[in-house]
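K.L.:
Starting from these lines, generate the structure:
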Amino acid sequence: MQRVFPNVMKRRAQVLALLALTTLLITSCRLTDHSENEPGAITPNDLQIPTSGFKETDLSRMPVIEFDSTGMNMGRIPEGMQVQKVYGFVNSGKTDLVITDVRGSCGCTVAKNWPRMPVAPGERSAISVTFSSEGRPGMQHKTITVVANTTPPTTVLTLTGEVVPPEIN
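P.N.:
Below is the predicted model:
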């Protein structure tokens with residue numbers, strides 16, 4: 001019969017205690033009550049999206065997002081420059097407009113500011129986008145996809161131009 005050393009037994013007890021603690025932490029995260037919301041936060045009940053193509057929906061009651069312009073030609077810009085564009089829009093629909101996501105086509109194009117609260121009918125707002133040309137020489141065509149409770153649910157904004165690398169002497 002082999003003799004078990006006290007250090008081995010102590011180490012086993014530590015590993016078992018760590019395993020038990022990890023299990024407790026993981027399961028306690030699942031017990032968190034997510035019913036608390038920030039005051040005025042948008043919930044799924046605020047969205048008015050047609051449920052499917054099989055259900056009759058009154059499109060005249062839907063919010064409508066109308067942009068001042070959906071594209072920008074940056075022209076020729078030096079590599080390393082950051083270009084900012086503000087896409088202004090109005091909700092010309094009959095109900096509140098809720099923008100649920102604004103996403104650039106790559107990490108170089110980022111939407112920084114966009115309304116997180118509902119935009120009332122007739123109200124104006126804007127989406128601010130920044131394009132970083134660092135490490136991106138050549139022709140560029142970047143898109144920003146806006147997802148909202150509109151029909152269609154997505155609108156694509158664009159940034160185009162040529163990034164000129166620095167001259168090498």
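K.L.:
This structure: strands as residue ranges?
P.N.:
Taking DSSP state E as the test, the strands found in the chain are 65-67, 71-78, 82-91, 99-104, 109-113, 124-132, 138-148, 154-164.
K.L.:
Turn these into CSV, including distance to residue 12.
P.N.:
(Each C-beta comes from the backbone N, C-alpha and C, glycine too.) Shown next, in CSV, are the strands of the chain (distance: least, Cβ to Cβ, whole Å):
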stretch, distance to residue 12
strand 65-67, 62
strand 71-78, 63
strand 82-91, 56
strand 99-104, 49
strand 109-113, 50
strand 124-132, 52
strand 138-148, 52
strand 154-164, 56
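K.L.:
Switch these over to a markdown table; also include mean neighbour count.
P.N.:
What follows is these, written out as a markdown table (neighbours: other Cβ atoms under 10 Å):
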| stretch | mean neighbour count |
| --- | --- |
| strand 65-67 | 16 |
| strand 71-78 | 13 |
| strand 82-91 | 17 |
| strand 99-104 | 17 |
| strand 109-113 | 16 |
| strand 124-132 | 18 |
| strand 138-148 | 17 |
| strand 154-164 | 17 |
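K.L.:
Turn the ones you listed into a markdown table, including distance to residue 11 and mean pLDDT.
P.N.:
Formatted as a markdown table, these follow (distance: least, Cβ to Cβ, whole Å; pLDDT from 0 to 100):
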| stretch | distance to residue 11 | mean pLDDT |
| --- | --- | --- |
| strand 65-67 | 62 | 97 |
| strand 71-78 | 60 | 95 |
| strand 82-91 | 54 | 96 |
| strand 99-104 | 48 | 93 |
| strand 109-113 | 48 | 90 |
| strand 124-132 | 50 | 96 |
| strand 138-148 | 52 | 95 |
| strand 154-164 | 56 | 95 |
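K.L.:
Quick one: closest of those strands to residue 23.
P.N.:
Residue 23 lies closest, by Cβ to Cβ, to one member of those: strand 99-104, at 34.8 Å.
K.L.:
Could you report the separation of the closest residue to residue 120 other than its chain neighbours from residue 58?
P.N.:
Among residues not flanking residue 120 along the chain, residue 96 sits closest, at 5.9 Å (Cβ to Cβ, 6 or more residues apart in numbering). Using Cβ to Cβ, to the nearest Å, residue 96 is found at 15 Å from residue 58.
K.L.:
More neighbours: these two, which one.
P.N.:
Each of residue 96 and residue 58 has its neighbours counted (other Cβ atoms under 10 Å); residue 96 has more, 18 against 8.
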